[in-house]
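J.: Sequence first, predicted coordinates after that:
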Amino acid sequence: MAGTKQFDPDVAVERAMEVFWLKGYAATTPQNLVDALGIGKGSLYNAFGSKHGLFEQALSHYCDRRLDRFLELLDESAPVRERLRGVLEFIVDEGARGCMVVNTVGELAGVDEAAVTLVRRDFDRVEAVFRALIEEGQRSGEIVPDRDPAVIGSMLLNAMMGLWVLVRVPGERDRLDRVIAATIDAL
């Protein structure tokens, strides 16, 4: 039937995310995307408007997927500090490619306001999750109540983003473990 999409846009966004995450925005060519998605250039542009339009969807998808994974790790019955340690250790264990958000900031901050807007939204969402977890820890007595949960949430976001950078350098496990220990001890 004419006009019917021959591909699943959600699968296409997932595949595009993998390409952008690996290569970065500038180094990803339309041909790289066509090859990875298994569609023609016309279909790519008809479905997503532009390479940048697809990139925005891929970055947003990455942020949603990563946040869902963090929420899974944080939605356990363990004490708050252990759950936070679990998220930070997940970054170290799974982060050899780094973080698409960190990669985007390094490549596009200052030149791509749409990408920066998505990054800011991601930062806000992650901080809100951390803040809620700190508040839970304060209610349970696990974290001292006189600390501002918003400030701690920002500190945890910073530690998380720093870990995503450090994890890209081979042979840094001792340093990464020290960062995790110091971050949890600071709570």
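T.: The structure has been received and is ready for your questions. Nothing here was measured: the structure is a model prediction, and the numbers come from that model. Numbers count the residues shown, from 1 in each chain.
J.: The least confident helix or strand in the chain by mean pLDDT packs against which elements?
T.: Scoring the helices and strands of the chain by mean pLDDT, DSSP states H and E places helix 41-48 at the bottom, with a mean of 91. Packed against helix 41-48 by the contact rule (3 or more CB pairs under 8 Å, 6 or more residues apart in numbering; DSSP states H and E) you find helix 9-23, helix 30-37, helix 51-74. Just so you know, the C-beta spots here come from the backbone N, C-alpha and C atoms, and that holds for glycine as well.
J.: next SSE after the longest one?
T.: Spelled out, it's helix 51-74. The C-terminal neighbour of helix 51-74 among helices and strands, as given by DSSP states H and E, is helix 80-94.
J.: what's the angle from that following helix to helix 51-74?
T.: Counting by axes from the mean of the first three to the mean of the last three CA atoms, to 10 degrees, helix 80-94 lies at 130 degrees to helix 51-74.
J.: For helix 80-94, buried residues please.
T.: 80, 83, 84, 85, 86, 87, 88, 90, 91, 92 (16 or more other CB atoms under 10 Å).
J.: Quick one: list the elements packing against that helix.
T.: Helix 80-94 is packed against helix 51-74, helix 113-140, helix 149-166, helix 173-185, with contacts defined by 3+ CB pairs under 8 Å, 6+ apart.
J.: I'd guessed residue 108 sits against residue 116; true?
T.: Yes: Residue 108 lies in contact with residue 116 (CB atoms under 8 Å); the separation is 7.0 Å.
J.: So which of these two has more stuff around it?
T.: Neighbour comparison, residue 108 and residue 116: the larger count goes to residue 108, with 20 against 15 (by other CB atoms under 10 Å).
J.: Thank you, goodbye.
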